[in-house]
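In: sequence-free structure coming up:
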């Protein structure tokens, strides 16, 4: 690190602040305060560069002259240094002398980045400097919430310092920085022909990581402040204006997520349940300031927005907060001047399909999963909606049932049905998308869905317990049988919640039959496996069958056929079962050993019949999840060999799955059964050679994998690139499937040869 270089001061400040906040520094409080004040302008003017100067430009254009740098050092400018500094000054709009210092900073970093030039290192130093300033601000704002006697003085100092920054214009500067800093724009100016500020892939990734870090830290500063302190009525329009002009033709990026979350948390009332004294209400403008409520009403209910769906998401959140404020004993009179009640606002919001917007643009944003506070905002909004409007949620379910019934009747009469709105389905799918692949650190927020009122004493009536009970009721009520569309969405939600061992166990138990028998109106594993056996019976007889709806039987005789609705339902059940089996060992064992379910016998029977290949694919994947267990793998091998899914004909050719690959999958350029089979085989061979059957029994399966799939892989056409990549990586890479030690098939030739 170059001694005294201004581009490294931000890193040094960040390290000192983190050490002091973590208690790892011996610097006393007074010295820490002096340090913060000395860097006040740097923190207040986040992302601001030293301004360009014609006089300074003239100095560095005089090659061979000596100049004084910002830290007081002197340096003689040569031709290359002058040229690089002028380019950097132009690209980043910084002072020319500071640009020389940036060139020297890049030179000092060359040992840390072998293969990069001085100029490319300077680019990293520039963005790193701004990232450290933004992260220092983030740390200080986060530290405002530090509790405990040992940190009380530090917390008080940080609060005073950040309050001063905020009142001195930090809010406005943050809003400008969040709105204007754009990673794509930065990359674009770096790759101009006269700049050449981007190197190879490694350098590009480092730059992109720095840009993302800057955006993330700036957005977090704004949202964290809103979480801790709310926003003042005078500040709200500034934040909202960045959303009001947004149009769906643009991406809903990291800056939009930050503004959206900041507005939501400004009126979010979820923390009211955890405050202990009325004095603490002062932290919430929404609970104490009538002018703030008027500002909310004006900004999100009265003014026009370019996108009604975006506004509707915040209107829905405001309706939830209004219901909360009306029920809380400290804030019951705060809404008396409002002209609309929460039910009217919620109904108006629903007209603009807020769940659809949340799912497509907010949860569907490329930045969503990497923006923790945005995830927490959506989670809080949707949970509170379920908690405070349970009757309305039931109405949405009933309305969806009716919409689907009317659409079905129109189809039966030969009419084109109107497009159903299906708010309830969109709500389920939004929740499912949000919790899918959720960051492991955020998984505790899922636990609230499994709480049961029976777990709590009757005298314990806290609002948090009531909320958890309402969420549990919501999840349980979704298991009631109904239209296939809604049931598939519900199973997708349960699958997303089953993200680790404990949650997967809860999801499994959710669908266990009560008291040892299946309730006719509620979906369960008993229903599912009973339906599978009925399908098997029907396909084996190759005669008339009973319609299974989305997996459960009614009494309408039809020709042997699995409708698209039935296939979607069965697929959803198998995907849920696969997730649970991968994550939870006891549930996996129950699937294999439950005497009434006859899981393996039924599935292999279906695999030997003419069910759709898409269904075979998910069944193979489920078997692969079961086979992650060594004992279960032995049972799967036994059933697999007995079923002769693949076998040799008398002339030595392969039959069974081979024919389906040649005659169906290759023609459609889609390979669901083959892909699923590979997942299962990867799991089975992952336990080592001692778990494999004799070579003569294993031969047709290895021949299918090597000769029919691997060797001919590049000669086939693939409609789905993701499917092609998935098949390729199963064939050639090491890895693990879920939590089981399920090795890939890259060494299957060695197994075959042995």
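Out: Thanks, I have the structure now. Since this is a predicted model, take the numbers as computed values, not measurements.
In: rest of the way, CA atoms for contacts and neighbours
Out: Will do.
In: Give me the below-cutoff pLDDT ranges for the stretch 501-650 of the chain.
Out: 514-521, 542-560 (pLDDT under 70).
In: From residue 353, how far off is residue 311?
Out: 10 Å (Cα to Cα, to the nearest Å).
In: the more surrounded of those two?
Out: residue 311 (24 against 20; other Cα atoms under 10 Å).
In: So the more buried one is in contact with residue 303, correct?
Out: No - the criterion here is Cα atoms under 8 Å, and residue 311 misses it with residue 303 at 9.9 Å.
In: Tell me where this protein has strands.
Out: 66-68, 74-76, 545-546, 557-558, 646-648, 654-656 (DSSP state E).
In: Now do the buried residues in the first one.
Out: Okay, so that is strand 66-68. residue 67 (16 or more other Cα atoms under 10 Å).
In: Mind giving me the packing neighbours of that strand?
Out: On a contact count with 3 or more Cα pairs under 8 Å, 6 or more residues apart in numbering; DSSP states H and E, strand 66-68 meets strand 74-76.
In: What of the second one?
Out: The criterion is 3+ Cα pairs under 8 Å, 6+ apart, and the helices and strands that strand 74-76 contacts are strand 66-68.
In: Just give me the longest helix of the protein.
Out: helix 201-229 (DSSP state H).
In: Which positions in that helix come out as buried?
Out: Neighbour-count burial for helix 201-229 [16+ other Cα under 10 Å]: 203-204, 207-208, 210-228.
In: same question, stretch 317-334
Out: 317-326, 331, 334.
In: tell me the mean pLDDT for it?
Out: Summarised as a single mean, pLDDT over stretch 317-334 is 86.
In: Spatially central residue in the protein, please.
Out: residue 369 (3.4 Å; Cα atoms, centre = their mean).
In: I figured that residue hits residue 375, correct?
Out: Yes - applying Cα under 8 Å as the test, residue 369 and residue 375 come out as touching, 6.8 Å apart.
In: what sits in contact with each of the two?
Out: Taking Cα atoms under 8 Å, 6 or more residues apart in numbering as the criterion, residue 369 and residue 375 both touch residue 363.
In: Could you list the domains of this structure?
Out: 1-229, 231-427, 643-754 (automatic domain parsing).
In: and of those, who's closest to residue 535?
Out: domain 643-754 (17.1 Å; Cα to Cα).
In: How far does the closest one sit from its chain's centre?
Out: How far domain 643-754 lies from its chain's middle: 32 Å, per Cα atoms, centre = their mean, to the nearest Å.
In: one step back: what residues are up against the residue nearest to the centre of the chain?
Out: Contacts of residue 369 (Cα under 8 Å, 6+ apart): 363, 375, 438-439.
In: quick one on the thing from earlier: now the longest helix of the chain: mean pLDDT?
Out: Helix 201-229 carries an average pLDDT of 96.
In: same check, this time on stretch 131-139
Out: 97.
In: show me where the stretch 551-700 of the chain has helices.
Out: 564-583, 585-593, 599-607, 613-626, 630-643, 657-660, 666-668, 672-685, 695-703 (DSSP state H, counting those that start in this stretch).
In: Can you check which of the ones you listed gets nearest to residue 730?
Out: helix 672-685 (7.0 Å).
In: could you check the angle helix 630-643 makes with the closest one?
Out: 130 degrees (axes from the mean of the first three to the mean of the last three Cα atoms, to 10 degrees).
In: Also compute the angle for helix 672-685 relative to helix 695-703, please.
Out: Going by the same axes, to 10 degrees, helix 672-685 makes 140 degrees with helix 695-703.
In: Contact partners for residue 357?
Out: 309-310, 313.
In: Export these as TSV, with columns for neighbour count.
Out: Below are these laid out as TSV (neighbours: other Cα atoms under 10 Å):
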residue	neighbour count
309	22
310	27
313	26
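In: I'd like to know which of those residues is nearest to residue 491.
Out: residue 313 (24.3 Å).
In: Now do that closest one against residue 202, distance only.
Out: According to Cα to Cα, residue 313 and residue 202 sit 39 Å apart.
In: coming back round to it: quick check: which of the domains of the chain is nearest to residue 487?
Out: Judging the domains of the chain by Cα to Cα, what sits closest to residue 487 is domain 231-427, at 8.7 Å.
In: Between the two ends of the closest one, how far is it?
Out: 28 Å.
In: how far is that domain from where the chain is centred?
Out: For domain 231-427, the distance to the chain centre is 19 Å (Cα atoms, centre = their mean).
In: for stretch 574-588, same thing?
Out: 21 Å.
In: quick one: contacts for the residue lying closest to residue 45 once chain neighbours are set aside?
Out: Leaving aside its chain neighbours, residue 45 sits nearest to residue 173 (6.9 Å; criterion: Cα to Cα, 6 or more residues apart in numbering). Residue 173 makes contact with 44-46, according to Cα under 8 Å, 6+ apart.
In: Give me the subset of those residues that lies in helices.
Out: residue 44.
In: mind checking how far residue 21 is from residue 11?
Out: Applying Cα to Cα to residue 21 and residue 11 gives a distance of 15 Å.
In: Could you do residue 584 as well?
Out: The value you get for residue 584 to residue 11, if Cα to Cα is used, is 44 Å.
In: can you check residue 352 too?
Out: Going from residue 352 to residue 11 by Cα to Cα gives 46 Å.
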